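Undergrad: Predicted model and sequence follow; I will ask about them next.
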Amino acid sequence: MVDWERKTVIGKIITGSSFRGLVNYLLDPSKTPEIISTNLAGTDRNMMIWELNACAEQRPTTKKPVKHISIGFAPGDRSLDPETIDEIAQAVINNLGYGDNQYLVVKHDRYDPKHDRIHSHDHFHILINMVNHEGKRVHDSYDKKKLEKILRAQEQEHNLTLVPSSDQRDYKAATTGQVQRIIREIEECKGRKSTKSPTAPYTLKIQSGIDLASHDCPSLTVFLARLQQLKIDPKLRIESGKVKGISYKLQNFKIKGCKLHQCSFPQLIQNRVTYDPERDLVAINQANQNEEIALAPEFNVSWSQTSLRNYVPNKVQQMLDETYGKQELQVDKKIKKPEPNGHLTGLGFPQTPCPLQNQKGDEGFEIDF
């Protein structure tokens with residue numbers, strides 16, 4: 001299970017045009033806002049908005065001077081102290097190149113109403129004016145990639161839990177049909193028409209495993225070894241001595257990398273892993289020959305570091321909370337061996353275990369609430 005002494009850091013960046021809209025959102029009383037730090041002179045929202053606009057108006061050609069960065073931590077973690085939040089916020093602001101710009105750091109209550117996703121975790125927001133006091137606009141090319149590297153460094157510095165990058169997680173991994181099936185099974189359980197636990201497709205499990213294995217942009221060798229550690233079997237297609245593709249297998253379910261989000265081989269080496277043909281050749285051959293790839297302990301990962309809750313839409317999360325309570329939707333650390341019927345039984349409700357079903361060739365597994 002999750003180590004409650006550790007924390008999970010996820011970041012998101014949005015660029016906009018209205019300082020008033022963002023300041024009003026950040027200081028909305030219903031969110032129990034707490035100003036952690038700022039270099040603005042104003043003490044109320046109207047003064048802050050005037051100050052921000054006055055600075056941005058020095059460069060009228062910048063139509064979207066508002067930078068909004070949100071940083072979230074794991075739902076099960078303890079509340080973060082203001083000092084830690086400010087340390088992380090200052091690292092983000094300075095390392096992105098906004099050290100000379102106006103900023104406002106605000107923490108929201110962990111049970112944040114009116115949020116775009118149901119959550120119950122510590123999180124804070126950073127407002128930045130992209131136009132500095134000299135009227136110059138800070139170039140924000142590759143800010144999202146830079147933010148991920150900054151957060152990974154903060155995870156190391158503050159001993160936080162390593163997680164997939166936000167650009168890897170911020171999408172709906174489940175298809176419409178899969179979501180409808182999960183909703184139907186939750187409704188049946190809620191109406192006592194069935195004692196069967198909802199099942200999630202193997203595609204979600206494989207996707208979450210790939211995201212976890214590539215969270216820190218490792219070498220291809222480490223990535224393949226981590227997949228093996230998670231019991232996901234990677235196979236690379238070689239043509240004329242070059243890697244042309246990759247597929248993934250969990251139990252009896254196999255899928256091509258191009259069918260998943262940023263999991264094809266070209267996308268992997270472009271966005272997720274570092275690749276050196278000479279260095280990684282041994283690991284590629286070992287993976288293709290079903291041999292175990294050696295992995296140093298400091299690179300280990302486990303299923304306790306990820307959650308399927310990140311891969312289902314807001315509506316499903318609400319239904320899960322209403323039916324089963326606000327517990328973290330997680331998978332066990334280990335995948336148990338399949339039963340004689342070929343179904344995976346190690347990821348089900350401890351209260352109501354039940355057989356698993358296949359859905360149009362995409363086998364399911366039970367999910368633990």
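TA: Cool, got the structure. Numbering: from 1, shown residues only.

Undergrad: Sketch out the low-pLDDT regions of the stretch 151-300 of the chain for me.
TA: 159-178, 191-200 (pLDDT under 70).

Undergrad: where along the stretch 201-350 of the chain do the helices fall?
TA: 202-213, 220-229, 265-267, 277-288, 314-324 (DSSP state H, counting those that start in this stretch).

Undergrad: Columns distance to residue 138 and mean neighbour count on top of these, output as a markdown table?
TA: The C-beta positions use only the backbone N, C-alpha and C, and glycine is treated the same way. Shown next, in a markdown table, are the helices of the stretch 201-350 of the chain (distance: least, CB to CB, whole Å; neighbours: other CB atoms under 10 Å):
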| stretch | distance to residue 138 | mean neighbour count |
| --- | --- | --- |
| helix 202-213 | 30 | 25 |
| helix 220-229 | 34 | 24 |
| helix 265-267 | 29 | 17 |
| helix 277-288 | 37 | 16 |
| helix 314-324 | 33 | 16 |
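
Undergrad: Which one of those helices lies nearest to residue 187?
TA: helix 314-324 (7.6 Å; CB to CB).

Undergrad: can you give me the offset of the closest one from its chain's centre?
TA: 19 Å (CA atoms, centre = their mean, to the nearest Å).

Undergrad: Which neighbouring elements make contact with that helix?
TA: Counting contacts by 3 or more CB pairs under 8 Å, 6 or more residues apart in numbering; DSSP states H and E, helix 314-324 packs against helix 176-190.

Undergrad: and the angle from the helix it packs on to helix 314-324?
TA: 20 degrees (axes from the mean of the first three to the mean of the last three CA atoms, to 10 degrees).

Undergrad: Helix 176-190 to helix 202-213, inter-axis angle?
TA: Going by the same axes, to 10 degrees, helix 176-190 makes 110 degrees with helix 202-213.

Undergrad: one step back: right, so of the helices of the stretch 201-350 of the chain, which gets closest to residue 139?
TA: Among the helices of the stretch 201-350 of the chain, helix 265-267 sits nearest to residue 139 (CB to CB), with 25.9 Å.

Undergrad: For the closest one, which outside residues touch it?
TA: 236, 243, 244, 245, 246, 257 (CB atoms under 8 Å, 6 or more residues apart in numbering).

Undergrad: Same check on stretch 15-33?
TA: Taking CB under 8 Å, 6+ apart as the rule, stretch 15-33 contacts 45, 48-49, 52-53, 56, 63-68, 104, 106-109, 112-114, 125, 127, 129-130, 140.

Undergrad: Nearest to residue 184 among the contacts of helix 265-267?
TA: Using CB to CB, the contacts of helix 265-267 come closest to residue 184 at residue 257, 29.6 Å.

Undergrad: That closest one against residue 268, yeah?
TA: Yes. Shown here, residue 257 and residue 268 form a contact pair, counting by CB atoms under 8 Å, at 7.2 Å.

Undergrad: Need the overlap of contacts for the two.
TA: residue 246.

Undergrad: Show me which of those two is the more surrounded one.
TA: Shown here are residue 257 and residue 268; by other CB atoms under 10 Å, residue 257 has more neighbours (23 against 20).

Undergrad: List the contacts of the more buried one.
TA: Per CB under 8 Å, 6+ apart, neighbours of residue 257: 245, 246, 247, 248, 263, 264, 265, 267, 268.

Undergrad: This completes my enquiry, with thanks.
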